[in-house]
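J.: this one's structure only:
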């Protein structure tokens, strides 16, 4: 397997492990979606930076 596929699998597994605790801590839907958007933005920025510097 290529490194990119393994990295994606590892990221998905980490998200699967962290998500239940994240959901439990953010039971209020408004707070949950706010925090989810913040984390989606952080992950998006990291992916963009990785693509800029390693391509």
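T.: Yep, that arrived. In this text the structure is predicted, and so the values were computed from the model without any measurement. Residues are numbered from 1 along each chain as shown.

J.: Tally up the residues packed near residue 48, please.
T.: By the measure other C-beta atoms under 10 Å, the count of residues near residue 48 is 10. Bear in mind the C-beta positions are built from the backbone N, C-alpha and C, glycine included.

J.: Name the SS class of it, please.
T.: Look at residue 48: counting by DSSP: H, G, I helix; E, B strand; the rest coil, its state is helix.

J.: how close does it sit to residue 26?
T.: According to C-beta to C-beta, to the nearest Å, residue 48 and residue 26 sit 25 Å apart.

J.: same check, this time on residue 7
T.: As it turns out, when the distance is counted by C-beta to C-beta, residue 7 lies 27 Å from residue 26.

J.: pLDDT weak spots in the protein?
T.: In the predicted model of the chain, residues 1, 55 satisfy pLDDT under 70.

J.: let's see 80
T.: 1-3, 22-23, 26, 55 (pLDDT under 80).

J.: got the residue ranges for the strands in it?
T.: Counting by DSSP state E, one finds no strands in the chain.

J.: Nearest residue to the middle of it?
T.: residue 43 (5.0 Å; C-alpha atoms, centre = their mean).

J.: what ranges do the helices span in this structure?
T.: Counting by DSSP state H, residue ranges of the helices within the chain are 3-25, 29-54.

J.: about what we covered before: can you tell me how far the residue nearest to the centre of the chain is from residue 30?
T.: On the measure of C-beta to C-beta, residue 43 and residue 30 end up 21 Å apart.

J.: With residue 15 instead?
T.: For residue 15, the distance to residue 30 equals 22 Å [C-beta to C-beta].

J.: Comparing the two, which residue is more hemmed in?
T.: When neighbours are counted by other C-beta under 10 Å, residue 15 comes out ahead of the other of residue 15 and residue 30, with 12 against 8.
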